Each structure stands twice: as C-alpha cells, then as structure tokens.
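Asks: Predicted model and sequence follow; I will ask about them next.
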Amino acid sequence: MSWSNFKRVEFQCRCGCKTNKINAEFVDRLQKLRDRFARPVIVTSGYRCPSHDRSAKVRGGGAHATGHAADVAVRGRDAVDFLRIALDCGFTGFGIKQHGDQRFIHLDDLRGDWPRPMIWTYTGDST
C-alpha cells in the first residue's frame, strides 16, 4: 500500500490506541480525489476503533469503524470543488460541517441497503 499523498499513520485511531484498520481501497479512492483536487487533503479523522468516543455513540460504530471513512479539513469554495470531485470519484456518504472553527467534510464509500449517495450536516459541536 503506497500512496503519493497519504501515509498509513494519518488514518490511525486518535483515541490513543493507534489502531488502524483503514481500508486500502478507500485510501486509493481518496488518493484519486486528491490527484484531481490538486490541493492538499488533510485527514482530521480516519479509522475509529469501537471504543473511540465518537464511534461508541453510533450503533455499530459508524462508518469510521468500518475503515471506509475519513474526515477532511476543507472549507469555503474549496469545499464545493472537493464535493463535486468526491461524488465523481465514487464516494457515497458526505457529512458537511462548515461552521465554527472545525470545518470539515466526512467522506465514506459505504454500500448497503440504505439510500446512497447520502448527504447530511452536523450541528453544534457534534462531529
């Protein structure tokens, strides 16, 4: 697994356990997005172990616990361009937080019986 703009360590759980079960095909897709976006892509959250505080609040651990999700720091006009490219690259889940200090876009490439693609927003301090 080798990516020109990402290191595997960027995706490890940040709760302190440093577990990293990020899916290689997910990072391949993210690298494709980065290549087309032609600007830095900063991962703020990648894999989350089942004990991670945010994953523990979500039934089944959420998309991050599957290794098929990441949050990326992006804002403003860049966020619009980023979303257009992400949809074209095959991402299916988009969580948008574009207010306050911690602005990011959640991306995942989950497949399943629920409607996809899906988009949602974060309110308040939840991420």
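Replies: Received the coordinates, thanks.
Asks: Any idea how many residues pack against the closest residue in space to Phe82 that isn't next to it in sequence?
Replies: Leaving out its chain neighbours, the residue that sits closest to Phe82 by C-beta to C-beta, 6 or more residues apart in numbering is Val74, at 4.9 Å. C-beta here means a position set from N, CA and C on the backbone, and glycine is covered the same way. Neighbour count of Val74, defined by other C-beta atoms under 10 Å: 25.
Asks: Could you shift the numbering so residue one becomes 50, and keep it that way?
Replies: Got it, first residue is 50 now, which makes that one Val123.
Asks: ok, Val123 touching Ile154?
Replies: Yes - judged on C-beta atoms under 8 Å, Val123 makes contact with Ile154 at a distance of 5.3 Å.
Asks: Now for those two: what residues contact both?
Replies: Both Val123 and Ile154 are contacted by Phe131, under the criterion C-beta atoms under 8 Å, 6 or more residues apart in numbering.
Asks: In contact with the residue nearest to Phe131, which residues are there?
Replies: 90-91, 131, 152-154.
Asks: Please apply the same query to Ile145.
Replies: Contacts of Ile145 were listed using C-beta under 8 Å, 6+ apart, and they are 128, 132, 154-155, 168-171.
Asks: how does it look with 7 Å?
Replies: Contact analysis of Ile145 by C-beta atoms under 7 Å, 6 or more residues apart in numbering lists 154, 168, 170.
Asks: Same question for Ile154.
Replies: Taking C-beta under 7 Å, 6+ apart, we find Ile154 in contact with 121, 123, 128, 131-132, 143-145.
Asks: could the contacts of Ile145 go into CSV alongside pLDDT, distance to Thr115 and secondary structure?
Replies: Converted to CSV, the contacts of Ile145 look like this (pLDDT from 0 to 100; distance: C-beta to C-beta, whole Å; DSSP: H, G, I helix; E, B strand; the rest coil):
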residue, pLDDT, distance to Thr115, secondary structure
Ile154, 97, 18, strand
Ile168, 93, 19, strand
Thr170, 93, 21, strand
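Asks: quick check, nearest of these to His113?
Replies: Lowest distance from His113 to those (C-beta to C-beta) belongs to Ile154, with 13.7 Å.
Asks: pLDDT weak spots in the protein?
Replies: Scanning the chain for pLDDT under 70 picks out the ranges 50, 102-110, 173-176.
Asks: That concludes my questions; thank you for your assistance.
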